[in-house]
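Enquirer: Quick one, what's the 3D model for this:
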Amino acid sequence: MSGVPHAQRSCTLLMLGLLAGLASSAVGAYDFGTWCMEVAPIVAVMPVLWFTRRRFPLTDLCYALILIQALLMMLGGHYTYARVPLGFWMEQWFHWGRNDFDKIAHLAQGFVPAIAVREVLLRTSPLRRGGWLFFLVAATCLAISACYEFVEWWTALLLGSGADAFLGSQGDPWDTQSDMFMALVGALLAQLTVARWHDRQLARLV
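Expert: Predicted coordinates for the structure are as follows:
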């Protein structure tokens with residue numbers, strides 16, 4: 001596995017990027033409690049990536065996408081999703097009725113896990129490239145998105161109005177459904193656009 005040392009270095013760079021991003025996003029965060037809740041998945045995943053970097057290193061593409069998604073989550077945690085400036089600019093440009101930055105984050109919530117799930121399935125299961133892989137990757141990403149919505153629901157039950165900034169629904173009664181739909185779109189887009197690039201990186205890694 002000649003690509004393994006390179007992948008381990010990539011993981012180290014990812015960790016440095018995540019730590020720098022976490023520190024930067026924590027400074028001056030709009031609401032520190034909301035920031036903690038938004039970045040908690042990042043903090044939970046970091047040890048897993050670090051301790052598996054030798055036995056199961058990932059492709060550069062996967063590591064890069066993880067960093068991008070983490071940065072989006074940190075941005076949402078710093079401002080809260082309903083207050084991210086990019087979302088206000090988009091609202092003005094496209095004449096939308098709300099700050100839709102969270103939809104970008106949920107698109108990434110499907111796009112990035114799709115590549116990670118695809119990589120794990122191709123390397124650890126009998127699955128091969130084709131329809132079943134495409135379907136199972138999309139279904140898994142949709143399930144991950146649904147589980148995240150469960151967490152938001154339980155947080156709302158626990159904290160009441162204190163969870164409003166974490167939920168970021170901005171009064172939209174269909175926010176949960178549209179979040180999951182965006183994750184599904186992201187999972188489909190990932191497989192349709194970068195699967196071949198991913199395959200080339202997998203071939204170099206293994």
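Enquirer: what ranges do the strands span in this structure?
Expert: In the chain, no segments count as strands under DSSP state E.
Enquirer: residue boundaries of the helices in it?
Expert: Remark: helices of the chain, listed N- to C-terminal, are 4-26, 32-51, 60-79, 85-94, 101-124, 131-159, 164-167, 175-193, 195-205; assignment by DSSP state H.
Enquirer: ok, so what distance separates the nearest residue to S25 once chain neighbours are set aside from T52?
Expert: In this structure, S25 finds its nearest non-sequential neighbour in M74, 3.8 Å apart by CB to CB, 6 or more residues apart in numbering. C-beta coordinates here come from the backbone N, C-alpha and C atoms, glycine included. If you measure M74 against T52 using CB to CB, to the nearest Å, the figure is 22 Å.
Enquirer: wait, the residue nearest to S25 sits on L22?
Expert: Yes. Taking contacts as CB atoms under 8 Å, M74 lies within contact range of L22: 6.5 Å.
Enquirer: intersection of neighbour lists for the two?
Expert: Taking CB atoms under 8 Å, 6 or more residues apart in numbering as the contact rule, the neighbours common to M74 and L22 are V39, I42.
Enquirer: Which helix or strand in this structure has the lowest average pLDDT?
Expert: Considering only helices and strands, the least confidently modelled element of the chain by mean pLDDT, DSSP states H and E is helix 164-167, at a mean of 58.
Enquirer: sorry, back to before: so what's the residue count around the residue nearest to S25?
Expert: Applying other CB atoms under 10 Å, we find 22 residues neighbouring M74.
Enquirer: so what's the residue nearest to E91 when sequence neighbours are not counted up against?
Expert: Counting by CB to CB, 6+ apart, the nearest residue to E91 once its immediate chain neighbours are dropped is N99, at 5.7 Å. Contact partners of N99, counting by CB under 8 Å, 6+ apart, are Y81, A82, R83, V84, G87, F88, M90, E91, Q170.
Enquirer: try A183
Expert: Neighbour list for A183: H106, L107, Q109, G110, C141, L142, I144, S145 [criterion: CB under 8 Å, 6+ apart].
Enquirer: gap between it and Y63?
Expert: As it turns out, when the distance is counted by CB to CB, A183 lies 20 Å from Y63.
Enquirer: how much space is there between F101 and L65?
Expert: According to CB to CB, F101 and L65 sit 18 Å apart.
Enquirer: next one: P5
Expert: With distances taken as CB to CB, P5 is found 21 Å from L65.
Enquirer: Please say which of the two ends up with more neighbours.
Expert: Neighbour tally, P5 and L65, criterion other CB under 10 Å: the higher count belongs to L65, 22 against 11.
Enquirer: List the contacts of that one.
Expert: Going by CB under 8 Å, 6+ apart, L65 touches F111, V112, I115, A116.
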